[in-house]
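Engineer: Predicted coordinates and the sequence they were generated for:
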Amino acid sequence: MNSDGHTPARTAAAFSGPELLRRLWPLLCLVAIIVLIGIFAELAPTVVQRRITQGLIYLVAVVGLYVFVGNSGVLAFGNVAFMAIGAYVSALLTMSAGAKGIFLPDLPAWLQTAEWAPLAAAGAGGGIAAIVAFVVGYPLMRLSGISAGIATFAILVVTYVVIGNWSSVTGGQNSLMGLPIYVGPWTAVIGALVAVGIAFAYQESRSALLLRASREDEAAAAASGVNVVRHRLAAFVIGAFLSGVSGVLLAHFLGTVRVETFYLDLTFLIIAMLVIGGMGSLTGAVAGAVVIAALTELLRQAEVGVTIGGVSLAAPGGLGDVVLALLMLLIILFRPKGIAGGKEIPWPFRR
Amino acid sequence: MIVAETTTEPLLDLRNIEVRYGAITALRGVDLHVKTGEIVAIVGPNGAGKTSLLSAVAGLVKPVSGSISLSGKSLAPVGLEDIVRHGIALVPEGRNIFASLTVEENLQLGATSRRDSEVNTDIGRFFSTFPILGERRNQPAGLLSGGEQQMLAIARALLSRPKLLMLDEPSLGLAPKIVEQVYVELEKIRDDGITILVVEQNAARAFAVADRAYIMSHGQFALSGTPADLRDNAGFDAAYFGVSMDSESRDGA
């Protein structure tokens, strides 16, 4: 039977080789796709290479959003706040003491002199995002439906306002510059692989299964003994960690952080990617990020225009946003489960 | 009113339960007891309060007054997700299977409260009883037929190894032949030592297996006794169809 690959049999006490391969198949396919994208970036011109890198960083954020929204079925609009937290934490820990002296003269001394290694700072960025998610998630995970959506949106707004006004630590509305730029295509590929790996491991876990049951029917899951709040919180924290890491990568790709980067535009983009790809599966999250990133780049080039035989043809400015919004509408109307249809990549052979 | 005598301590004991939804009173002072090994049926028209009664026992709604105890221990402090650990499993109306999860995952969910290693053995045994479900173990449960979904919902409830299995309208929306199968299974489950409390509109079917039955009307028990007694009771039709009660509007859930 060719099942959808999302839900392999779990009864066998020990997985035989082929069974293990079958179970890991969706993950292996996604890994292969991401590595191929990396190879393509390697061969592409610099501008395209940068776009692909950025797309892969967004992919990490979309996967982070998917871990919570996909498994719990609860709306969340606040994940970009965790990206911002990750970005600022890593920026403050890695910027040179000299640069911090110029931009942030009022920093506490220990932070002023901190110059962490990139990996440690990235871990701290994701980790602090996860801790914040745990603290705010603890009361919020009791909410469902639109009230959960509004509450998580409030996290975004509060984070935005705090970062925008906490001038002594974040620089307020000013950009922080002089971050070490260590994120290129292959760093982004590694980030994407880690994100997909964590998300897949999570969704195969017992906690995720119980959470998906609560997505289907909260009362019936609770009546089966599922502690819905606990499992939601676990997914929320893991998703926030990945979002935080995505923010770290973005910060060290651009070399600068600005509070405006982490607000409504990025929130819309990440949600559009997940909705268009399909929020019901990890494959959907990856597909949405890849397809939208590629499409946005094509449209951007169309806006720049081409010159054929002395005649310059260019699409009107703003086309990219319009197409993105239209695409989201069309997907919601005609394929509500997104490109991937809520399924993982199926095992191609008969069992 | 016929009152069934209590000889041994009941497994489930409800005293003077009152449930309200805002201004609406769904249960008005209900007393119920279920002894170990019995099948007890609660029948009555729509809105009589049957589902509210099961919801109160399962912890889905909190009664405003009255006490519920299982084997003499009060269930009042027990939260919804812990009720199943105390040995009560509910098969809700409309079956409430997890449609996009596979058949097997649905069954595993039934065993959420268990910590032992025999879950897979139990699932395997269920698949040998219902080979059709075994073949479809990796398919989304939403693709099963209504009867198969009902069997799956019952199996899921049994996987928590309950002392008391509660079913809400297990015959609803099923073909007569399938209803027959469901009830044959219920008798087997009782013979395995599990006590059953079943709520039904299909009084005839429920009476055929029940040891005792209660007729519910307007949030109260109008009659109770053995099915044979109830069938002979002149008040049965009146109570069941709700015509003898005062003409207050239907106020149960």
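Structural biologist: It's in.
Engineer: quick one: the strands in chain B?
Structural biologist: Secondary structure of chain B (DSSP state E): strands at B:12-21, B:24-34, B:39-43, B:65-70, B:73-74, B:88-91, B:164-168, B:195-200, B:212-217, B:220-225.
Engineer: could those go into CSV alongside mean pLDDT, distance to A:Leu92 and mean neighbour count?
Structural biologist: All C-beta atoms are positioned from the backbone trio N, CA, C, and that covers glycine. Converted to CSV, the strands of chain B look like this (pLDDT from 0 to 100; distance: least, CB to CB, whole Å; neighbours: other CB atoms under 10 Å in any protein chain shown):
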stretch, mean pLDDT, distance to A:Leu92, mean neighbour count
strand B:12-21, 93, 53, 19
strand B:24-34, 92, 57, 20
strand B:39-43, 94, 64, 26
strand B:65-70, 92, 56, 17
strand B:73-74, 89, 54, 11
strand B:88-91, 91, 52, 26
strand B:164-168, 94, 57, 24
strand B:195-200, 95, 61, 24
strand B:212-217, 92, 66, 25
strand B:220-225, 88, 67, 20
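Engineer: now for those, which one comes closest to chain A?
Structural biologist: Closest to chain A of the strands of chain B, according to CB to the nearest CB: strand B:88-91, at 5.4 Å.
Engineer: Helix or strand: which one has the closest residue in space to A:Ala293 that isn't next to it in sequence?
Structural biologist: Spatially, and ignoring its direct neighbours in sequence, A:Ala293 is nearest to A:Gly55 (3.0 Å; CB to CB, 6 or more residues apart in numbering or on different chains). Per DSSP states H and E: A:Gly55 is located in helix A:46-72.
Engineer: in that helix, what's buried?
Structural biologist: For helix A:46-72, a neighbour-count test (16 or more other CB atoms under 10 Å in any protein chain shown) marks A:49-72 as buried.
Engineer: Following the chain past that helix, name the next helix or strand.
Structural biologist: Taking DSSP H and E, what comes next after helix A:46-72 is helix A:79-94.
Engineer: where in the chain is pLDDT low?
Structural biologist: This is for chain A. Scanning chain A with the threshold set as pLDDT under 70 gives A:1-16, A:351.
Engineer: wrong one, I was asking about chain B
Structural biologist: Ranges of chain B meeting pLDDT under 70: B:1-8, B:95, B:241-253.
Engineer: circling back to that earlier point, could you quantify the relative orientation of the helix holding A:Gly55 and helix A:79-94 as an angle?
Structural biologist: With axes from the mean of the first three to the mean of the last three CA atoms, to 10 degrees as the basis, helix A:46-72 and helix A:79-94 are set at 120 degrees to each other.
Engineer: For helix A:46-72, enumerate the helices and strands it packs against.
Structural biologist: If you count contacts as 3 or more CB pairs under 8 Å, 6 or more residues apart in numbering or on different chains; DSSP states H and E, helix A:46-72 packs onto helix A:17-43, helix A:79-94, helix A:185-203, helix A:206-216, helix A:228-254, helix A:264-277, helix A:282-304.
Engineer: Show me the residue of the stretch 101-250 of chain B that gets nearest to chain A, please.
Structural biologist: Residue nearest to chain A within the stretch 101-250 of chain B (CB to the nearest CB): B:Ser113, separated by 3.7 Å.
Engineer: follow-up on the earlier one: might you report the residue contacts of the residue nearest to A:Ala293?
Structural biologist: A:Gly55 sits next to A:37, A:289-290, A:293-294, A:297 when contact means CB atoms under 8 Å, 6 or more residues apart in numbering or on different chains.
Engineer: And A:Tyr58, by the same measure?
Structural biologist: A:Tyr58 makes contact with A:246, A:269-270, A:273, A:289, A:293 under the criterion CB under 8 Å, 6+ apart.
Engineer: try B:Gly87
Structural biologist: B:70, B:161-164.
Engineer: ok, now with 6 Å
Structural biologist: Going by CB atoms under 6 Å, 6 or more residues apart in numbering or on different chains, B:Gly87 touches B:162-163.
Engineer: now the one 3 residues further on
Structural biologist: By CB under 6 Å, 6+ apart, the residues touching B:Leu90 are A:223, B:58, B:166.
Engineer: what do you get for A:Ala287?
Structural biologist: Contacts of A:Ala287 by CB under 6 Å, 6+ apart are A:277, A:339-340.
Engineer: Roughly how far does the residue nearest to A:Ala293 sit from B:Ser65?
Structural biologist: Applying CB to CB, to the nearest Å, the value for A:Gly55 to B:Ser65 is 61 Å.
Engineer: ok so, going back, can you say which of the helices and strands packed on helix A:46-72 is nearest to B:Asp192?
Structural biologist: With respect to B:Asp192, and counting by CB to CB, the nearest of these is helix A:206-216 at 25.6 Å.
Engineer: who does that closest one touch, helix- and strand-wise?
Structural biologist: Here helix A:206-216 touches helix A:46-72, helix A:228-254, going by 3 or more CB pairs under 6 Å, 6 or more residues apart in numbering or on different chains; DSSP states H and E.
Engineer: Using TSV, lay out those helices together with distance to A:Leu104.
Structural biologist: Listed next are the helices and strands packed on helix A:206-216 as TSV, based on distance: least, CB to CB, whole Å:
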stretch	distance to A:Leu104
helix A:46-72	25
helix A:228-254	15
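Engineer: wait, which of the ones you listed is closest to A:Val306?
Structural biologist: Nearest to A:Val306, of all those, is helix A:46-72, at 14.9 Å by CB to CB.
Engineer: any idea how far the closest one is from the chain center?
Structural biologist: In terms of CA atoms, centre = their mean, to the nearest Å, the centre of helix A:46-72 is found 5 Å from the chain centre.
Engineer: can you state the direction angle for it and helix A:185-203?
Structural biologist: Using the same axes, to 10 degrees: helix A:46-72 against helix A:185-203 is 10 degrees.
Engineer: Just want the angle from helix A:46-72 to helix A:282-304.
Structural biologist: 150 degrees.
Engineer: wait, isn't A:Val183 in contact with A:Leu254?
Structural biologist: No: in this structure A:Val183 lies outside contact range of A:Leu254 using CB atoms under 6 Å: 8.6 Å.
Engineer: Of these two, which one has the most company?
Structural biologist: Neighbour count, other CB atoms under 10 Å in any protein chain shown: between A:Val183 and A:Leu254, A:Val183 has more, with 25 against 19.
Engineer: At which residues are the helices of the stretch 1-150 of chain B located?
Structural biologist: Assigned by DSSP state H, counting those that start in this stretch, the helices in the stretch 1-150 of chain B fall at B:50-58, B:80-83, B:103-110, B:119-129, B:131-135, B:146-158.
Engineer: Whether the longest one contacts chain A - can you check?
Structural biologist: No: under the criterion of CB under 6 Å from any CB of the partner chain, chain A is not reached by helix B:146-158; the shortest gap measures 7.1 Å.
Engineer: contacting residues around that helix?
Structural biologist: Applying CB under 6 Å, 6+ apart, the contact partners of helix B:146-158 are B:89, B:91, B:95, B:97, B:106-107, B:110, B:126, B:130, B:141, B:165, B:173-174, B:178, B:182.
Engineer: re earlier: for the residue nearest to A:Ala293, give its distance to chain B.
Structural biologist: According to CB to the nearest CB, to the nearest Å, A:Gly55 stands 29 Å off from chain B.
Engineer: how about the residues of the stretch 1-150 of chain B near chain A?
Structural biologist: Taking CB under 6 Å from any CB as the contact definition, the stretch 1-150 of chain B meets chain A at B:58, B:80-81, B:84, B:90, B:96, B:98, B:102, B:105, B:109, B:112-113, B:120, B:138.
Engineer: Filter those down to the buried ones.
Structural biologist: Of the residues of the stretch 1-150 of chain B next to chain A, these count as buried by 16+ other CB under 10 Å: B:58, B:80-81, B:84, B:90, B:96, B:98, B:102, B:105, B:109, B:112-113, B:120, B:138.
Engineer: Which of those sits closest to A:Gly197?
Structural biologist: B:Glu105 (22.1 Å).
Engineer: I am finished for the moment; much appreciated.
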